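> Give me the fold of what follows.
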Amino acid sequence: MDDDRRAFLTDLLSTPSPSGFEAVGQRVWLDYVRQFADDVWTDDYGNAVAVHEGGSDVSIAFTGHADEIGYIVRNITDDGFLRIGAIGGADRTVSKGQHVTVHAETPVAGVIGQTAIHLRDYEGEEYDDIDEQFVDVGADDGDEAHELVEVGDPVTVETRVRPLHGTRLAARGMDNRVGIWAAAEALRSAAESDVDATVYAVSTVQEEVGVQGAKMVGFDLDPDAAVAVDVTHATDNPDIPGKRAGPVELGAGPVVSRGSANHPSLVDLARDAAEDADVDVQLQATGTRTGTDADAFYTARSGIPALNVGIPNRYMHTPVEVVDTEDLDAVGELLGAMAAAAVDAAPFGLDL
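Next comes the predicted model:
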């Protein structure tokens, strides 16, 4: 990964973007894709689209979601603590004892309190639900806290982007900044190669709370095909339960999903493009649903052929998600090859 693309990834990962509050992160993405897009636009909820105008009438969209999980201030107590609720699938087992930022009019530093082990009867204790946890911003009382924050302010864990050994990278919000990074890469590749297909790069909002942005974009954009790029579980760390263990490994390449929303024609396009580009891919079964924006795209309008391409990710929905940057380079190559082959592969309907 070259320096410019790595800097773009770091900028995305360093910019808080909880569901419903994605505007700052979307600006980072738009500033980058404007360099090689023929046009960019947003809708009323902040879904962002950039396009390479090809010479044919075939169109394909490569999408990721901009939002991340987090918390929201739901009450301010008389003694100055903030009661919080979850935004998306926040993990209650990793929230206590974390530094956080409350994104008020002026950002406010805080911590999610955890009573010291010395003062707890911890034998047999269970994890508190998120709505039983609290943020301490240092306020002496409720009046002081009210001067700093308001009910409805979003909260994110304060972490840093940290390289691990080799090509591994750890950060909060890999889910799914790596997906919108990959969508931008697809557009860059399409523009540089001047592919015949019209190629959309899309950064959606509010995926973590029900794939809401993709529902809006799928209806409005109506491409011939949509490829949702999102993280998927790497199941190669030691504490994965046996029944959850699967074939996906970190560093072994992007993951092509099969089943449910994943249209067979797009599965074939992805696998053929990977072979032509000499990109290793992994396969994953999604018998019921993908859990990604692909689930919204494939039922939009009269049905948009859709595919979920996964990026292996360890420790999803924690502040220490881990990806391999070689997988990111590979998914960029894969999407570029799919864009180049899209016209020849169209139309994407089933041949019955």
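> Figure out the helix or strand that the residue nearest in space to the middle of the chain lives in.
For the chain, residue 176 is the residue whose C-alpha lies nearest the centre (Cα atoms, centre = their mean; 1.4 Å). Here residue 176, judged by DSSP states H and E, is contained in helix 174-193.
> And for residue 156?
Assigned by DSSP H and E, residue 156 belongs to strand 154-157.
> which ones are touching the residue nearest to the centre of the chain?
The contact partners of residue 176, by Cβ atoms under 8 Å, 6 or more residues apart in numbering, come to 64-68, 207, 229-231. C-betas here are computed from N, CA, C, even on glycine.
> Low-confidence ranges, the chain, go.
Applying pLDDT under 70 to the chain flags the ranges 245.
> Show me how it divides into domains.
3-68+172-345, 71-157 (automatic domain parsing).
> Pick the most buried one from those domains.
domain 3-68+172-345 (a mean of 21; mean count of other Cβ atoms under 10 Å).
> In its sheet, which strands sit next to the host helix or strand of residue 60, and in what direction?
Secondary structure assignment for residue 60, by DSSP H and E: strand 59-65. Strand pairing for strand 59-65, using DSSP bridges, gives strand 198-204 (parallel), strand 225-233 (parallel).
> Return the distance of residue 225 relative to residue 345.
9 Å (Cβ to Cβ, to the nearest Å).
> Could you name every residue contacting both of those two?
265, 269.
> Now do stretch 301-308: distance from first to last residue.
In stretch 301-308, first residue to last residue: 18 Å (Cα to Cα, to the nearest Å).
> what sits up against it?
Residues contacting stretch 301-308 (Cβ under 8 Å, 6+ apart): 218-219, 222-230, 232, 256-257, 261-263, 265-267, 269-270, 286, 290, 292, 294, 297-298, 348-349.
> contacting residues around residue 73?
82-84, 102, 135, 149-155 are the contacts of residue 73 under Cβ under 8 Å, 6+ apart.
> Counting only strands, which of those make the cut?
The strands, defined by DSSP state E, take in 82-84, 102, 135, 154-155 from these.
> Show me the helices in this protein, by range?
With DSSP state H as the criterion, the chain has helices at 3-13, 23-33, 142-148, 174-193, 212-221, 264-277, 294-297, 325-345.
> and which of the contacts of residue 73 is nearest residue 281?
Residue 281 has its nearest neighbour among these in residue 154, at 35.7 Å by Cβ to Cβ.
> I'd say that closest one and residue 100 touch.
No. Contact between residue 154 and residue 100 fails when scored by Cβ atoms under 8 Å: they sit 10.2 Å apart.
> what residues are shared contacts of the two?
Here residue 154 and residue 100 share the contacting residues residue 71, scored by Cβ under 8 Å, 6+ apart.
> and the residue lying closest to residue 21 once chain neighbours are set aside, bridged to which residues?
Using Cβ to Cβ, 6 or more residues apart in numbering and skipping the chain neighbours, the partner closest in space to residue 21 is residue 154 (4.6 Å). Beta-bridge partners for residue 154, by DSSP bridges, are residue 72.
> contacting residues for residue 154?
Here residue 154 is in contact with 16, 18, 20-21, 70-73, 87, 102-103 (Cβ under 8 Å, 6+ apart).
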